[in-house]
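Asker: Turn this into a structure:
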Amino acid sequence: MSRIGKRPVNLPKGVEVKLSGRTLSVKGPKGNLSRDLHSDIEVKVDGQTMTFEPKAGSEDAGRFHGLTRTLVSNMVVGVTDGFSRRLKLVGVGYRAAAQGKGVTLSLGYSHPVVYDAPTGIELKVEAQTTIVVSGADKEMVGQVAAKIRGFRPPEPYHGKGVRYEDEHIATKVGKAAGKK
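Answerer: Next up, the predicted model:
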């Protein structure tokens, strides 16, 4: 049995949880999230605490016990505090500018890259080289950050490109360094 799955999820004040069938809806100050839960996991809501139990006799229950608890916990944290991911643009002339609900990126191509944020995601340009992706859904925040990073991933020789703020790029030595 999963150690993570055994831990209960505490619901802070201002968070409403509604379970109808296999669909769990979480409502809080930062928004609403809903998710279909695995059928082999039983969810019990007792006041301000949620517990998760695997169904007896199911092979898949052990696999999804901890996962289900973590996904629900991320939903609760998302509607109360939210999630954010910071991106940094490294390179000469690389910059970002806010444009409506999206951003326009100059990444060394012959054209600017325009990206519009999906519903529930906020893109904020703090400096010309720093973008903050924030929202209530942790998966969506990570997906949008990865999509923006994918426009110009960091290259291994000079480290230029779009990277996560806490990411370390191991740079390679060029071929000129190998000659003697």
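Asker: Below-threshold pLDDT in the chain: ranges please.
Answerer: Applying pLDDT under 70 to the predicted model, the residue ranges of the chain that meet it are 1-2, 177-180.
Asker: could you pull out the helices for the chain?
Answerer: Under the criterion DSSP state H, helices of the chain are mapped to 3-6, 61-80, 138-150, 175-178.
Asker: nearest to Glu167, of the ones you listed?
Answerer: Ranking the helices of the chain by their distance to Glu167 (criterion: Cβ to Cβ) puts helix 138-150 first, at 8.8 Å. For glycine as for every other residue, the C-beta is placed from the backbone atoms N, C-alpha and C.
Asker: quick one: contacts for the spatially most central residue of the chain?
Answerer: For the chain, the residue sitting closest to the mean C-alpha position, by Cα atoms, centre = their mean, is Gly142 at 2.9 Å. Under the criterion of Cβ atoms under 8 Å, 6 or more residues apart in numbering, the contact list for Gly142 reads Arg85.
Asker: How much space separates it from Ser73?
Answerer: Applying Cβ to Cβ, to the nearest Å, one obtains 16 Å for the distance of Gly142 from Ser73.
Asker: do the same with Lys6
Answerer: Using Cβ to Cβ, which is the criterion applied here, Lys6 is 13 Å from Ser73.
Asker: got the domain boundaries for the chain?
Answerer: Following automatic domain parsing, the chain resolves into domains at 3-80, 83-164.
Asker: want to try TSV for the ones you listed, with distance to Val173 as columns?
Answerer: Output for those, formatted as TSV (distance: least, Cβ to Cβ, whole Å):
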stretch	distance to Val173
domain 3-80	40
domain 83-164	8
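Asker: what about Val26, neighbour count?
Answerer: Other residues lying near Val26 total 25 when counted by other Cβ atoms under 10 Å.
Asker: what does Asp40 give?
Answerer: By the other Cβ under 10 Å criterion, the neighbourhood of Asp40 contains 18 residues.
Asker: quick one: contacts for it?
Answerer: Taking Cβ under 8 Å, 6+ apart, one finds 54-55, 58, 60-61, 64 in contact with Asp40.
Asker: Now stretch 24-33: buried residues?
Answerer: By 16 or more other Cβ atoms under 10 Å, the buried positions in stretch 24-33 come out as 24, 26, 28, 30, 33.
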